[in-house]
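# got a predicted structure here, sequence first:
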Amino acid sequence: MFDAVTTWYRHNRRDLPMRSDHVSPWATLVFEVMSQQTPIPRVQPIWERWMERWPTPVDLARARRSDVLVAWDHLGYPSRALRLHACAQVIANRPGSRVPADMDALLELPGIGPYTASAVASFSFHQRVPVLDTNIRRVLTRVFDGRQFARKSAPSRAEQNRAWSLLPDEGDACALWNVAIMELGALVCTQRAPLCDQCPISERCRWLADGQPADAVKPRGQAWAGTDRQARGRVMALLRDAHASSAERVGRDAVIEAATLPGAPADQAVQVVDALVNDGLIEVDRRGTYGLPD
DNA sequence: AATTCGGGGGT
DNA sequence: ACCCCAGAATT
């Protein structure tokens, strides 16, 4: 399994800048945070500009949150940007301002959960830990369980045990294994139309052997049009533009207008703006004008 | 375990 | 129109 997947990886991997050997642990951490629920192609250009501007945790720790939110641009889930900023400040106060190398310490950091902690621990520090992202979970579920998709909820204990059991003995090999099987899920064992004829482990795949049975229809996800998230996104876009162009603040009327969606309940805009203030993503001054925090 | 948190490109 | 995407925090 290891040889088949890693050999495939060597010949088929994408040439991503963040996989370069001279990428720092901090740069890797930033990339993994940006990649949470966000496709790689959209992350890449923003990550490159970001690391040029704030190469180290100390650099980002000193930045203003408003500049951080503008640089985050439209990556989505802007609370991630604030958590990353807070994370930089925690790391900047550690000895040597170093990114911690072990899982327990990484998990203490703001915005760093099981996936990101394991990715940094494995890819940057070659710790012997499994990585269970959406791609790897899908591959392992198909190969071993014969099901089309992993469960929507967090990885079960059984999934984690299996991931551990597949790890090679050495940390270096684990890093290669993790990135290789992740890439296999991203390029071959895809969500929609897996390319099983190109898969190096198709012979051992229970799902393929069973005739690719389809899972039961999954419950529908959250709609988009008219949601709080859409309204919040509009407010953030308005304030990003205002800050980026002239560092100007915006009156309440304009903010409420941005938060008002066609056909939405009348009180949605007000509630959304209040929630953004509460989340620390926007601020009101004494005159009642709005802007990005600090 | 279920919800909430953006945004855009593919199908 | 709907789907998902190198998830995390909160309840």
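It's in. Numbering: from 1, shown residues only, chains lettered A, B, ... in the order given.

# mind checking the SS state of residue A:9?
At residue A:9 the chain is in helix, as set by DSSP: H, G, I helix; E, B strand; the rest coil.

# residue A:117: neighbouring residues, count only.
24 (other C-beta atoms under 10 Å). (Glycine included, C-beta is placed from N, CA and C.)

# ugh, wrong one, residue A:217
6.

# how about the residue nearest to residue A:292 when sequence neighbours are not counted, phi and psi?
Nearest residue to residue A:292 in three dimensions, chain neighbours excluded: residue A:66, at 3.7 Å (C-beta to C-beta, 6 or more residues apart in numbering). The phi/psi pair for residue A:66 (degrees, to the nearest 10) reads phi -60, psi -40.

# contacts only, for residue A:66.
By C-beta atoms under 8 Å, 6 or more residues apart in numbering, the contact set of residue A:66 is A:243, A:291, A:292, A:293, A:294.

# do residue A:59 as well
Contacts here follow C-beta under 8 Å, 6+ apart; on that basis residue A:59 touches A:53, A:88.

# just the pLDDT at residue A:90, thanks.
Looking at residue A:90, its pLDDT is 98.

# and it, that's in a helix?
Yes. Assessed by three-state DSSP, residue A:90 belongs to a helix.

# what's the local residue count around it?
By the criterion of other C-beta under 10 Å, residue A:90 has 15 neighbours.

# just the element for the nearest residue to it once chain neighbours are set aside, please.
Spatial nearest neighbour of residue A:90, excluding adjacent residues (C-beta to C-beta, 6+ apart): residue A:109 at 5.8 Å. Residue A:109 belongs to no helix or strand when assigned by DSSP states H and E.

# list the contacts for residue A:109?
Contacts of residue A:109 (C-beta under 8 Å, 6+ apart): A:87, A:90, A:91, A:100, A:117.

# what is the burial count for the third one?
It stands for residue A:91. By the criterion of other C-beta under 10 Å, residue A:91 has 23 neighbours.

# look up how far DNA strand B lies from the closest residue to it other than its chain neighbours.
Of all residues not flanking residue A:91 in the chain, residue A:57 sits nearest, at 4.1 Å (C-beta to C-beta, 6+ apart). From residue A:57 over to DNA strand B the distance is 23 Å, taken as C-beta to the nearest atom of the strand, to the nearest Å.

# low-confidence ranges, chain A, go.
Along chain A, the model assigns pLDDT under 70 to residues A:218-222.

# get me the contact residues on chain A for DNA strand B.
Proximity of chain A to DNA strand B, by C-beta under 7 Å from any atom of the strand, involves residues A:37-39, A:42, A:74-79, A:153-154, A:156, A:192-193, A:222, A:224, A:227-230, A:232-234, A:236-237, A:275.

# helices or strands up against the helix or strand harbouring residue A:44?
Using DSSP H and E, residue A:44 sits in helix A:40-53. Contacts defined by 3 or more C-beta pairs under 8 Å, 6 or more residues apart in numbering; DSSP states H and E place helix A:40-53 against helix A:25-34, helix A:65-72.

# nearest to residue A:13, of these?
Counting by C-beta to C-beta, residue A:13 lies closest to helix A:25-34 out of the helices and strands packed on helix A:40-53; the figure is 15.8 Å.

# ok, and does the closest one reach over to DNA strand C?
Yes. Applying C-beta under 7 Å from any atom of the strand, one finds helix A:25-34 touching DNA strand C at A:31, A:32.

# just the angle between that helix and helix A:40-53, please?
Helix A:25-34 and helix A:40-53 are oriented at 140 degrees to each other (axes from the mean of the first three to the mean of the last three C-alpha atoms, to 10 degrees).

# which residues are contacting helix A:25-34?
A:18, A:23, A:43, A:46-47, A:50-51, A:55-57, A:75, A:80, A:83-84, A:87, A:91, A:98-99, A:101, A:111-112, A:115-116, A:119-120, A:123-125.

# what does stretch A:224-232 give?
Contacts to stretch A:224-232, defined as C-beta under 8 Å, 6+ apart, come from residues A:222, A:258-264, A:268-269, A:271-272, A:275-276, A:281.

# which one of the residues you listed has the most neighbours?
Going by other C-beta under 10 Å, residue A:272 tops these with 26 neighbours.

# quick one, what contacts it?
Residue A:272 neighbours (C-beta under 8 Å, 6+ apart): A:228, A:231, A:232, A:235, A:259.

# so of the residues you listed, which ones are in helices?
A:228, A:231, A:232, A:235, A:259 (DSSP state H).

# which of the residues you listed come close to DNA strand C?
Applying C-beta under 7 Å from any atom of the strand to these, none is adjacent to DNA strand C.

# can you put those in CSV and add distance to residue A:216?
Below are the ones in helices among the contacts of residue A:272 laid out as CSV (distance: C-beta to C-beta, whole Å):
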residue, distance to residue A:216
A:228, 29
A:231, 33
A:232, 32
A:235, 38
A:259, 37
